[in-house]
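Trainee: just coords:
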């Protein structure tokens, strides 16, 4: 059974381009032309991924992303933006997008990103660790959650995958490029700022003081490592 992709964009030439190329890559496609239609479709259909434009009528991509995550719809999201401003990209990631591409883009890159996100989602679902403990942090892969001091911590899909990868490699220094390859599954050069944004989010959620992290350490010039503070 082919995987189903929802394309959300108000520009019909972009929709036509994406629909043709994504369909030719072997995926089933559906289309929404504004943010509210996208939310309704996501609530009533099971999609494997959403390609979501940032600038939409009725409700922009950021608000769509926020609403889906608030409604516990964890379908992976690839956000498209015509703006080359870091603020838009970072905000999209903060709201729960898994990745982004800046317009103009090549159809081949869109397909590559879609496949990378889906591979990571499948691999994460197949991991059979029941739980992990690092310091006071308990990690539950099947639930995409963690607990600390009896408090449940929730994450976006990509935040959890990053945390889980760091946890499986506890005390090992992992470079940004390695994290980009392992967690985002890129087989081409990507934007390592994605990693930094997600590390910042994780620290805000699991560190007693995000300004003085004791779990996720930065190793200057090399990358990051997750360690047991005890």
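Mentor: Received it, and whenever you're ready, just let me know what you need. Keep in mind that what you see is a predicted model, and the values were worked out from it rather than measured.
Trainee: drop to CA atoms for contacts and neighbour counts, all remaining ones
Mentor: Noted.
Trainee: Just give the number of residues close to residue 82.
Mentor: When neighbours are counted by other C-alpha atoms under 10 Å, residue 82 registers 14.
Trainee: Let me see the backbone angles for the closest residue to it other than its chain neighbours.
Mentor: Of all residues not flanking residue 82 in the chain, residue 103 sits nearest, at 4.6 Å (C-alpha to C-alpha, 6 or more residues apart in numbering). Residue 103 adopts backbone torsions of phi -70, psi 140, taken as degrees, to the nearest 10.
Trainee: same thing with residue 38?
Mentor: phi -60, psi -40.
Trainee: My guess is it contacts residue 9. True?
Mentor: No: the pair residue 38 / residue 9 is not scored as a contact, 9.4 Å apart, by C-alpha atoms under 8 Å.
Trainee: and stretch 219-230, how far apart are its ends?
Mentor: 19 Å (C-alpha to C-alpha, to the nearest Å).
Trainee: pLDDT of it, averaged?
Mentor: Here stretch 219-230 scores 92 as its mean pLDDT.
Trainee: Please enumerate residues in contact with that stretch?
Mentor: 134-135, 166-167, 169-176, 214-218 (C-alpha atoms under 8 Å, 6 or more residues apart in numbering).
Trainee: What does the pLDDT read for the residue nearest to residue 82?
Mentor: At residue 103, the model reports a pLDDT of 84.
Trainee: what does the one 5 residues further on give?
Mentor: Per-residue confidence for residue 108 comes out at a pLDDT of 92.
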